[in-house]
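Novice: predicted model, plus sequence, below.
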Amino acid sequence: MQPVMKCIDFMNKVVGIIVGLMLAAMSIIIIAQIICRFVIDYPLTWSEEAARYLMVYTVFLGASLALRNHRMIAIEVVMEKVKPSVRKVLKIAVMLISIVFFIILLVQGIDMLEVVGRQMSAGLGISMDIPYMAIPIGALLMIINAIAVIIELLTTDHVETSEVEEALRKGEHI
């Protein structure tokens, strides 16, 4: 399993670089739009649309990274009340349910591409396939990362403690 996990982690490093570049490009485009609109008095017709599409890709790609690094928003009331061994089972169950959702998202995203493939974006003049491709790409990356989390949970003996338990163990106040 180690080669598979190393491959997934390498893929995530590449995705992380891409997300960083997209955030930088989005920031530059927005700043350029502000300068062109308010300083030069010549607004860019394509900038808002480009920034929006970059943001959509950033969200979908970034969500896959957050999933792999256990940084997704979660309500952990139940997790904090159960034993560590049960917590591991619950985390695996949550990942399996998430994979089902991501598969649905992948299939529906691919179906959506057939609908929007004939449309062109107004500002950039590109096929709407390009922005909508973020959905199946993001869903596929989330499936891969959810599987990686399950593999990690099954292959490690160490049971993660919650942040609350860790703080209480150290004697810190929450």
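Specialist: Sure, I can see it. Numbers count the residues shown, from 1 in each chain.
Novice: tell me which element the residue nearest in space to the middle of the chain falls in.
Specialist: For the chain, the residue nearest the mean C-alpha position is residue 63 (1.3 Å; CA atoms, centre = their mean). Assigned by DSSP states H and E, residue 63 belongs to helix 47-68.
Novice: for the next helix-or-strand element following that helix, list the C-alpha coordinates in PDB.
Specialist: Using DSSP H and E, the next helix or strand after helix 47-68 towards the C-terminus is helix 77-81. What follows is helix 77-81, C-alpha atoms only, in PDB (Å, rounded to 0.1, in the frame of the first residue of the first chain):
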ATOM      1  CA  VAL A  77     -20.000  15.700  18.900                       C
ATOM      2  CA  VAL A  78     -20.600  12.000  18.300                       C
ATOM      3  CA  MET A  79     -16.900  11.300  17.600                       C
ATOM      4  CA  GLU A  80     -15.900  12.900  20.900                       C
ATOM      5  CA  LYS A  81     -18.400  10.700  22.900                       C
END
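Novice: tell me the buried residues in helix 77-81?
Specialist: residue 79 (16 or more other CB atoms under 10 Å). To be clear about C-beta, it is placed using only N, CA and C from the backbone, and glycine gets the same treatment.
Novice: check the average confidence over that helix, would you?
Specialist: This predicted structure assigns helix 77-81 an average pLDDT of 85.
Novice: the following helix or strand past that helix to helix 47-68, inter-axis angle?
Specialist: Next in sequence after helix 77-81, counting helices and strands by DSSP H and E, comes helix 84-116. Counting by axes from the mean of the first three to the mean of the last three CA atoms, to 10 degrees, helix 84-116 lies at 150 degrees to helix 47-68.
Novice: what comes up buried for helix 84-116?
Specialist: Those would be 87-88, 91, 94-95, 98-99, 102, 105-106, 109, 112-113, 116, for helix 84-116 by 16+ other CB under 10 Å.
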